[in-house]
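Asker: pasting a predicted model and its sequence here:
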Amino acid sequence: MLRTHTCGELTIKNIGQEVTLTGWVYRNREMGGLTFVDLRDRYGVTQLVFDANKDKALGEKAASLGREYVIRATGKVVERSNKNAKIATGEIEIIVSALEILNASKTPPFTLEEETDGGEEQRMKYRYLDLRRESLKNNMLNRHKVAKAVREYLDEKGFADIETPFLIKTTPEGARDFIVPSRVNQGEFYALPQSPQTFKQILMVAGFDRYYQIVRCFRDEDLRADRQPEFTQVDCEMSFVEQEDILQMFEGMTKYVFKKVRNLDLPTFPRMTYADAMKYYGNDKPDTRFGMLIHDITTAVKGKGFKVLDEAETVGAIAVTGASEYSRSQTDELVEFVKRPQIGAKGLIYVKYGADGSLKSSVDKFYTPEDLKKWADAAEAKPGDLILVVSGPASITRRALCELRLEMGTRLGLRKKDVYSPLWVIDFPLVEQDAESGRWMACHHPFTSWKKEDEHYFESGELAKIRANAYDMVINGVEIGGGSIRIHDRKNQEKMFTTIGLSKEEVEKKFAFILNAFEYGAPPHGGLAFGLDRFASMTIANEESIRDYIAFPKNNAGRDMMMDSPSTIDEAQLKELGIKVEIKQ
Ligand code: ASP
C-alpha cells in the first residue's frame, strides 16, 4: 500500500507514530515559514505541517502545491496546539519529513467547498470534482448503506436476487421505450426495460416464490425537472400472497432501513384510500405531516346569486390556521399563485375569519356574515383562520387546492424536515380514461388485478368505478414505491387487455409469452417496486430531489454533461445497423 493510514483515522492515540498518508490537497496556507496542508481523502481530512525553517526545499515544495494535487506525505503524528473539534482528526497534525507529488491537478473550475460557486451545468460536466464535495460524497456512501440495508432485510426474508435482461421487448409501464437497433437482425429492435415487470412475474410462474433485484429501469418520458430517463428500482415479487402480506412485508423493510441508516423508528403506516386522498388532499400522494384538509363546500355556497360559484361544478376550501390577518398583498400573491398556468384556476376567493369571530370575504357583496359562517363550518375553520376557496371544474379545483395546501404548509413551516409521515395509499382505480383520446388506460399497469366485488362494473360499463388491488407507499408527499396483486390467469389478463383497447393482434405480438406462461400453473402473486434514488434521498435527508443521490445523473434535457451524450454516431455505424437518419428541423 502507498499509505499506512487514511486521512480520517489518526487521533491522539497515534501520537509519536511515523505515518504515511495519501490524498488530495484540499487547502494550503502559509504562516511564518510554516505551510499547512489539509489533506483529504474519502475518509476525512488531516492537517500536514511543513517547516521551511528546518528543511527549506521541503517547505518550498509544499508551498508550491496546488489545490487538488495528489500527494503522499510521510511524517510524525503530534498533538495540535490549536485543536479543531469539528473533525475526527482535529486533535493531531503530521510534521512532514518527506513529500511526493503523485499527480498534479489543474485548478478546479469551481470551489469544492460545501457552498460551492459552481453552476449546475459546470458541476455536472466535472462530476468527478463535484463528487469530492463532502455532501455529495456522503450521499453516495449513505445510498450504499440504504441499498445494503435493503439487501439485508430481503435476504433475511428469503428473497432471491435474480437478474433479468436489459435487451427486451416493450414493457407496459405507460411510458415510451428506449429503443436499441439490432445489427444482426436488421430492421428489428430491442427495447430497454421500463421495469422488469413481466420477467418477475414469470419468475413467479417458474416457482421462485420471492424475488428481488436492485435494477436499472429506463423510461423515455417527456423531460420534467427531477426526472431521470434511467433510474434504479428495488423491484420485488412474491407468490401465494394477498395485498396485506405485501403491505406488511414492505412496511417492515422501510422501517428496517430507516432504523439501520438513520436510527429512526417509523410509526405504523396508516392506510388511506385513493378516494380519500383525492378528496382531502387533492392528490394520490398526500403530505400527511400536517392537516389543513380540503373540504367540499359546494352546497354551502350556492344560491346567493353569485354566478361564479352558482355555476361552478365544485367549490372547495382549505382553512389556513392563524392566517386571518393576511394583508392584501399577501392574499393577492395567493390569487396569482393559483392562476399560474401549471395550476390553471380562474381565481381565488378568501374569507378572513377574525379571532373575534368576525367574517369578511373578497365577495362580501353577495354573502352576509351568516352565509360566510356556513362556509366556515363546511371548511371546518376556526376563528383566526384564513379560508381559501377555489371553484370550477373538479379536476382544476382539486389541483389548485392541493398546491395551495402544500404552499401554505411550506409557508407556515408545517412541512418539517425532521418529521417523517409514511402511509399506504390503497384502492387505486384500475383504469382511467384519457381525456383526449377517450381510451381507457391502466392506472398502474395492465397486469394489476381488480377487487372481486367490483367485477360487475365491467358488465355495466362503469369502468372508472373498478378498484384495483394496487397500493403506493407515500412518505411526506413523495411516492416511494408502488405495486399490485397481479392477474394470474389467461382469461382475466385477456379481459384487461381488451378493456384497455388492445387488439388481439397487438396482444399476440406484445404479450403472447406471458399469456402462454399463465397457462402453465401460474401461482397467485403480487409485488411492488421502490424508486431507490428517491427512497435514498428521503431516508438520508428527507429530500424530494434525487439528482444529488445519483453518481452520474442526466440534466433536465436528458443529457449526460460529462460524456456529452446523447451524440451522433458515424455513418459507418449507421450503415452497419441498416439505419437511415433523417433529421427534421
Ligand atoms: N413495475 C411496477 C413499477 O415499476 C411496480 C410493480 O408493480 O411491482 O411501477
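Answerer: Looks like it came in fine.
Asker: okay, now the residue in the stretch 151-300 of the chain positioned nearest to the ligand: neighbour count?
Answerer: The shortest separation between the stretch 151-300 of the chain and the ligand is 3.6 Å, found at Ser195 (distances taken as CB to the nearest ligand atom). Every C-beta, even on glycine, is put in place using the N, C-alpha and C of the backbone. By the other CB atoms under 10 Å criterion, the neighbourhood of Ser195 contains 20 residues.
Asker: contact partners for it?
Answerer: In this structure, Ser195 makes contact with Thr171, Glu173, Cys217, Gln233, Asp235, Ala529, judged by CB atoms under 8 Å, 6 or more residues apart in numbering.
Asker: for it, what are phi and psi?
Answerer: With angles defined as degrees, to the nearest 10, Ser195 shows backbone torsions of phi -170, psi 160.
Asker: pLDDT score for it?
Answerer: With respect to pLDDT, Ser195 scores 96.
Asker: in strands only, show me the contacts of Ser195.
Answerer: Taking DSSP state E, the ones among the contacts of Ser195 that sit in strands are Cys217, Gln233, Asp235, Ala529.
Asker: thinking again about what came up before, switch the contacts of Ser195 over to TSV; also include pLDDT and neighbour count.
Answerer: Converted to TSV, the contacts of Ser195 look like this (pLDDT from 0 to 100; neighbours: other CB atoms under 10 Å):
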residue	pLDDT	neighbour count
Thr171	74	22
Glu173	81	19
Cys217	97	24
Gln233	98	23
Asp235	98	25
Ala529	98	23
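Asker: of those residues, which are in range of the ligand?
Answerer: Restricting those to those near the ligand by CB under 6 Å from any ligand atom leaves Glu173, Ala529.
Asker: quick one: which of the contacts of Ser195 is nearest to Glu403?
Answerer: Distances from Glu403 to the contacts of Ser195, taken as CB to CB, are shortest for Glu173 (26.2 Å).
Asker: now that closest one: how far from Pro553?
Answerer: Computed with CB to CB, to the nearest Å, the distance linking Glu173 and Pro553 is 20 Å.
Asker: distance check, the closest residue to Val390 other than its chain neighbours against the ligand.
Answerer: Using CB to CB, 6 or more residues apart in numbering and skipping the chain neighbours, the partner closest in space to Val390 is Ala400 (4.5 Å). In this structure, Ala400 and the ligand are 28 Å apart, going by CB to the nearest ligand atom, to the nearest Å.
Asker: which residues touch Lys584?
Answerer: With CB under 8 Å, 6+ apart, Lys584 has no contacts at all.
Asker: state the distance from it to Ile475.
Answerer: As defined by CB to CB, Lys584 lies at a distance of 43 Å from Ile475.
Asker: one more: Ala376?
Answerer: The gap separating Ala376 from Ile475 is 32 Å, by CB to CB.
Asker: who are the contact partners of Val320?
Answerer: Val320 makes contacts with Met292, Asp385, Leu386, Ile387, Leu388, Met408, Leu412, as judged by CB under 8 Å, 6+ apart.
Asker: scan the residues you listed and report the most crowded one.
Answerer: Neighbour counts for the contacts of Val320 were taken using other CB under 10 Å; the highest belongs to Leu388, with 30 neighbours.
Asker: can I assume it sits in a strand?
Answerer: Yes: following the definition DSSP: H, G, I helix; E, B strand; the rest coil, Leu388 is counted among the residues of a strand.
Asker: tell me what it is bridged to.
Answerer: Partner residues in beta bridges with Leu388: Ile318, Tyr350, with DSSP bridges as the criterion.
Asker: go ahead and confirm it touches Leu404.
Answerer: Yes: with contacts counted by CB atoms under 8 Å, Leu388 reaches Leu404, the gap being 5.8 Å.
Asker: list residues touching both of those two?
Answerer: Between them, Leu388 and Leu404 share the neighbouring residues Ile318, Leu334, Leu348, with contact defined by CB under 8 Å, 6+ apart.
Asker: how close does the first one sit to the ligand?
Answerer: Separation of Ile318 from the ligand (CB to the nearest ligand atom) stands at 30 Å.
Asker: residues contacting that residue?
Answerer: Residues near Ile318 by CB under 8 Å, 6+ apart: Met292, Leu293, Ile294, His295, Ala379, Ile387, Leu388, Leu401, Leu404, Arg405, Met408.
Asker: looking at those residues, which are in strands?
Answerer: Under the assignment DSSP E, these contribute His295, Ile387, Leu388 to strands.
Asker: which regions of the protein sit below the pLDDT cut-off?
Answerer: 585 (pLDDT under 70).
Asker: regarding it, what is its longest helix?
Answerer: The helix spanning the most residues in the chain, taking DSSP state H as the definition, is helix 134-156.
Asker: helices or strands up against that helix?
Answerer: In terms of contact count using 3 or more CB pairs under 8 Å, 6 or more residues apart in numbering; DSSP states H and E, helix 134-156 is assigned the packing partners strand 160-161, strand 210-218, strand 230-239, helix 243-262, helix 532-541.
Asker: CA atoms of it as PDB?
Answerer: Coordinates of the C-alpha atoms in helix 134-156 are reproduced here as PDB (Å, rounded to 0.1, in the frame of the first residue of the first chain):
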ATOM      1  CA  GLU A 134     -18.400  16.400   1.400                       C
ATOM      2  CA  SER A 135     -22.200  16.400   1.000                       C
ATOM      3  CA  LEU A 136     -22.300  14.600  -2.400                       C
ATOM      4  CA  LYS A 137     -19.700  12.100  -1.200                       C
ATOM      5  CA  ASN A 138     -21.800  11.400   1.800                       C
ATOM      6  CA  ASN A 139     -24.900  11.000  -0.200                       C
ATOM      7  CA  MET A 140     -23.300   8.300  -2.300                       C
ATOM      8  CA  LEU A 141     -21.900   6.400   0.700                       C
ATOM      9  CA  ASN A 142     -25.300   6.700   2.500                       C
ATOM     10  CA  ARG A 143     -27.100   5.500  -0.600                       C
ATOM     11  CA  HIS A 144     -24.900   2.400  -0.400                       C
ATOM     12  CA  LYS A 145     -26.000   1.900   3.200                       C
ATOM     13  CA  VAL A 146     -29.600   2.100   2.100                       C
ATOM     14  CA  ALA A 147     -29.100  -0.500  -0.600                       C
ATOM     15  CA  LYS A 148     -27.200  -2.700   1.800                       C
ATOM     16  CA  ALA A 149     -29.900  -2.500   4.400                       C
ATOM     17  CA  VAL A 150     -32.500  -3.300   1.700                       C
ATOM     18  CA  ARG A 151     -30.500  -6.400   0.700                       C
ATOM     19  CA  GLU A 152     -30.000  -7.500   4.400                       C
ATOM     20  CA  TYR A 153     -33.700  -7.300   5.000                       C
ATOM     21  CA  LEU A 154     -34.800  -9.100   1.800                       C
ATOM     22  CA  ASP A 155     -32.100 -11.700   2.100                       C
ATOM     23  CA  GLU A 156     -33.200 -12.500   5.700                       C
END
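Asker: fine by me, we can end here.
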